[in-house]
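**Q** sequence and computational prediction follow.
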Amino acid sequence: MKKNNKKDGKREKILCEKESEEDVILNMSLRPDRIKNFIGQKKLIENLKISLEATKKRNEPLEHILLSGPPGLGKTSLAHVIANEMNVSITATSGPAIERAGDLIGILTNLSEGDILFIDEIHRLAKVVEEFLYPAMENFQIDFIIDKGPYAKTIKFNLKRFTLVGATTRAGLLSAPLRGRFGMFYHFDFYEKEDLVKIVTRSAGILGIVIDKEGAEEIAGRSRGTPRVVNRLLRRVRDWSEVKSDGRITRKATQAALENHGVDELGLDFMDRKVIQSIHTSYNGGPVGIEALASTMNEEPDTIVDVVEPFLLKMGLLRRTPRGRQLTGLAYKHLGLKKESQKELF
């Protein structure tokens, strides 16, 4: 592996799994509408199909569902697929957006029988809102207290049976009482390359992009096992090929376009390499605590933990130890770094 790409000067986090406004708009058009069109996560989908079929036979609402896994793997898409399969409406919101219990009341009282309430980043719900949600999930009732002191009154709202679908990238941050009220748990893993090739080919067809098999494989191989990144790279390569080439996406065009964006053959971009280089340069390969590393990089710890670290761990470039994050031998080899210590790192 050659040393750091000169494109590292670009500080764009092109492979960030967080959705941009452009992603939100385009991903809606690329989102599968039925479970038969959902690519990847085979075991998860197989188990979910059984639950959906059994629930429809009993003619009752689904149990509450918790979806966990790194960002960009299809949790939101699957929530909409579930709503379509059950032929019900879905109301989507996020944990940080529900600031007060009153906000939740307005949402819950407008749900019809069997409707789905999708809460993204559910681990970020305010504590008071989370506790307010418990009786709603368990008994389909909510008690709302108005006024204070001797004038306080409790108003009870009876809710229609609904299904809460919660999505989280940090399942460990969910409180035990909230986690215990979900009936079904599904964890998303990073996608295999063959599934990503299918996704990028399907997306190209929807967007009217001409792409050959080698071009699809090259994009899939650099997409960090994440469908959202696949679709983002597809659009960037399309832009490059339309300006610099004949508009067709081939392996050669993909390699040139992604090299221009600083995305290497493993799918690492500027931020990923910056994490590795910071651990190598400032901490001699680690171990280093996440707070210290974030301070050195002038980044938020959550950015490293949620966006960068999962893929580095999956690829074996980084490992967690009781004392902190540590580079592996593969990280040194991939970036062509020189070990400054005789200690074996992997």
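**A** Arrived safely, thanks for sending.
**Q** can we go C-alpha only for contacts and neighbour counts from here?
**A** Noted.
**Q** how about the strands of the stretch 101-250 of the chain, start to end?
**A** 116-120, 141-146, 153-158, 163-168, 184-187 (DSSP state E, counting those that start in this stretch).
**Q** go through the second one and flag the buried ones.
**A** Applying a neighbour-count criterion of 16 or more other C-alpha atoms under 10 Å, one finds Q141, I142 buried in strand 141-146.
**Q** now that strand, how far from the centre of its chain.
**A** Chain-centre distance of strand 141-146: 34 Å, with C-alpha atoms, centre = their mean, to the nearest Å.
**Q** one more: the first one?
**A** Put simply, strand 116-120 sits 15 Å off its chain's centre (C-alpha atoms, centre = their mean).
**Q** try the fourth one
**A** Per C-alpha atoms, centre = their mean, the displacement of strand 163-168 from the mean C-alpha position of its chain is 14 Å.
**Q** any stretches of the chain with poor pLDDT?
**A** Residues of the chain meeting the criterion pLDDT under 70: 1-27, 147, 340-346.
**Q** tell me the centre residue of it?
**A** P71 (1.1 Å; C-alpha atoms, centre = their mean).
**Q** so it: helix, strand or coil?
**A** Classification of P71 by DSSP: H, G, I helix; E, B strand; the rest coil places it in coil.
**Q** correct me, but it touches T169?
**A** Yes - using C-alpha atoms under 8 Å, P71 makes contact with T169 at a distance of 6.2 Å.
**Q** what do these two both touch?
**A** Taking C-alpha atoms under 8 Å, 6 or more residues apart in numbering as the contact rule, P71 and T169 both touch D306.
**Q** count of neighbours near K338?
**A** Applying other C-alpha atoms under 10 Å, we find 9 residues neighbouring K338.
**Q** which residues touch it?
**A** K338 touches Y332, counting by C-alpha under 8 Å, 6+ apart.
**Q** same check, this time on A257
**A** R236, V237, W240, S241.
**Q** make TSV out of those residues and add distance to I35.
**A** TSV is the format used below for these (distance: C-alpha to C-alpha, whole Å):
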residue	distance to I35
R236	28
V237	29
W240	33
S241	33
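**Q** now the buried members of the residues you listed.
**A** Applying 16+ other C-alpha under 10 Å to these flags V237, W240, S241 as buried.
**Q** what's the closest of the contacts of A257 to L52?
**A** L52 lies nearest to R236 out of the contacts of A257, by C-alpha to C-alpha, at 37.0 Å.
**Q** helices of the stretch 201-346 of the chain, residue ranges please.
**A** Taking DSSP state H, counting those that start in this stretch, the helices of the stretch 201-346 of the chain run over residues 213-221, 227-244, 251-260, 270-283, 290-297, 301-303, 309-314, 329-335.
**Q** swap that for the stretch 51-200 of the chain, please
**A** Under DSSP H, counting those that start in this stretch, the stretch 51-200 of the chain gives helices at 75-86, 101-108, 127-139, 176-179, 193-207.
**Q** between the first one and strand 163-168, how big is the angle?
**A** Right, helix 75-86. 160 degrees (axes from the mean of the first three to the mean of the last three C-alpha atoms, to 10 degrees).
**Q** name the helices or strands packed onto helix 75-86?
**A** helix 42-58, strand 116-120, strand 163-168 (3 or more C-alpha pairs under 8 Å, 6 or more residues apart in numbering; DSSP states H and E).
**Q** rerun at 7 Å
**A** Under the contact definition 3 or more C-alpha pairs under 7 Å, 6 or more residues apart in numbering; DSSP states H and E, helix 75-86 sits against no other helix or strand.
**Q** buried ones in it?
**A** K75, T76, S77, L78, A79, H80, V81, I82, A83, E85, M86.
**Q** what's the angle between it and helix 42-58?
**A** 30 degrees.
**Q** Serialize the strands of the stretch 101-250 of the chain to a markdown table and add fields for distance to E259.
**A** Putting the strands of the stretch 101-250 of the chain into a markdown table (distance: least, C-alpha to C-alpha, whole Å) gives the following:
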| stretch | distance to E259 |
| --- | --- |
| strand 116-120 | 33 |
| strand 141-146 | 54 |
| strand 153-158 | 57 |
| strand 163-168 | 32 |
| strand 184-187 | 33 |
